[in-house]
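Chemist: Sequence first, predicted model second:
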Amino acid sequence: MPSFKTSIAYIYSLSGSDIFRGILFPIYASRLGFTDLQIGIILTLFTIVTLVAYYPASLLTEKFGAKLSLYVSQISYFISLGIIFYTTSLFGLFLAYVMLGVAQAFLVQRNTIIVANAKGKEELNTLYSSVNGSSLLGRLLGSLGVALLYFDPAITYFRLSFLLLGALWLTPIPIIHGLNDTKKAQKLTLSPQRNVLVYSVVALFTGFGENIIVTLLQLYYNNLGVNLLGISLIYVGTSAVGYAGTYLAGRMSGRIVFGYLASTLVYALTAPLIGLPLIYSVIAVTAYSFVRFTRNVFGSVMRGEILKSMNQVEKGYGTSSITSTLGDSAGTFLQGYLFNVGEYDFPFIIGAASMVGGSLLHYYFYRKYVEVSKKATS
């Protein structure tokens, strides 16, 4: 049986490969004859279902353990991609994205298993470096898959690719079975603690800022004349750079907070430069990707430590995921307005500012709940 670290890393690599579906589905649905409005409604339904399911998923995880949540996620994802493969009807695609929303809501609780099994901050940092690196490898493979379909974009190949991706999501089930579960005997409460709700604001700011940048990035490169192959290759390159960033983060287990604040500062400087002409933009995106994924490792460790100190891990991940998705949705909605105000430059600046604000708030909570509690016990 693979080690815990290897098992979780494999699950993360699969979730990273979902970039393949994210890029190709709108193109696939458009080629089936669906309008932009219909495609937008399908994607909006996914967001709504995910939002509604996040908190019930956290309650079920707290009651029955994180292994059950991962089972539900893998099976729901397979069903979703199977439906996309099988049907070409609007109702069928609606159903597929309902199942995908359920899968996403339960997948978040993989973090609960990580926090429960890691022994100390240093091991947690090593784990998140490994799993974020694995996610980027999956992202790289997914991007390469998009590039391959550029050469022969037949509908049949689209459908078979979705089916193959769904089948891959069933493969971790035997691995999940061998993991230590998080089920514990305790009196459960339906509502989270107030401090958990306040802490979730961090995810709102960071989700809003990052989604403005990520949403506009593809549109910006398309506006510069980069085709689907070129965009996918840019994703491949940034994935490789991001992998180097996660590796560096894994080597800095003793300086997590410093690394988080330093990478946030560099992030704030590079994100606004994405709006430069193509060659300079690619350089800025490369630097942005490096610090973005480095920062993700440190931020994941800090979030796990904070929620563990609050003794609200399952509900904390549930509520943070809700606010992060709300931030993502607000970023997607407002980026058009921001574009009208200042084209591409202004949205990238606003996105960076929101990310920095959320990061500083995150640091405040870390000092309040983790560093203070450690001083009190020493």
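Modeler: Yep, it's here.
Chemist: Which helix or strand lies directly C-terminal to the helix ranked longest in the chain?
Modeler: Secondary structure of the chain per DSSP state H: the longest helix is helix 278-310. Beyond helix 278-310 on the C-terminal side, the first helix or strand identified by DSSP states H and E is helix 313-342.
Chemist: other SSEs contacting that next one?
Modeler: helix 36-64, helix 110-117, helix 194-199, helix 201-223, helix 278-310, helix 345-366 (3 or more CB pairs under 8 Å, 6 or more residues apart in numbering; DSSP states H and E). Where C-beta positions appear, they are placed from N, C-alpha and C, glycine not excepted.
Chemist: one more time with 6 Å, if that's ok
Modeler: Packing contacts for helix 313-342, counted by 3 or more CB pairs under 6 Å, 6 or more residues apart in numbering; DSSP states H and E, involve helix 36-64, helix 110-117, helix 194-199, helix 201-223, helix 345-366.
Chemist: just the CA coordinates of the shortest one, formatted as PDB?
Modeler: Backbone C-alpha positions of helix 194-199 (Å, rounded to 0.1, in the frame of the first residue of the first chain) are rendered in PDB as follows:
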ATOM      1  CA  ARG A 194     -17.900  32.700  15.400                       C
ATOM      2  CA  ASN A 195     -14.200  32.900  15.000                       C
ATOM      3  CA  VAL A 196     -14.300  30.400  12.100                       C
ATOM      4  CA  LEU A 197     -16.900  32.600  10.300                       C
ATOM      5  CA  VAL A 198     -14.700  35.700  10.800                       C
ATOM      6  CA  TYR A 199     -11.600  33.800   9.600                       C
END
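Chemist: buried stuff in it?
Modeler: 195-197, 199 (16 or more other CB atoms under 10 Å).
Chemist: Looking at those, which is nearest T189?
Modeler: Comparing these against T189 with CB to CB places V196 closest, at 11.3 Å.
Chemist: Report the contact partners of that closest one.
Modeler: V196 makes contact with 310, 312, 315-316, 319 under the criterion CB atoms under 6 Å, 6 or more residues apart in numbering.
Chemist: Kindly report the same for I256.
Modeler: I256 is in contact with 125, 298, 301, counting by CB under 6 Å, 6+ apart.
Chemist: elements contacting the host helix or strand of L68?
Modeler: Using DSSP H and E, L68 sits within helix 66-86. Contacts defined by 3+ CB pairs under 6 Å, 6+ apart place helix 66-86 against helix 90-107, helix 110-117, helix 155-168, helix 173-177.
Chemist: got the contact list for it?
Modeler: Residues contacting helix 66-86 (CB under 6 Å, 6+ apart): 61, 92, 95-96, 99-100, 102-103, 106-107, 109-110, 112-113, 159, 162-163, 165-166, 169-170, 172-173, 176, 181-182.
Chemist: what's the answer for stretch 236-252, then?
Modeler: Outside stretch 236-252, the residues touching it (CB under 6 Å, 6+ apart) are 126, 129, 132-133, 136, 139-140, 143, 259, 285-286, 289-290, 293-294, 297-298.
Chemist: starting at the chain centroid, how far to stretch 244-259?
Modeler: 19 Å (CA atoms, centre = their mean, to the nearest Å).
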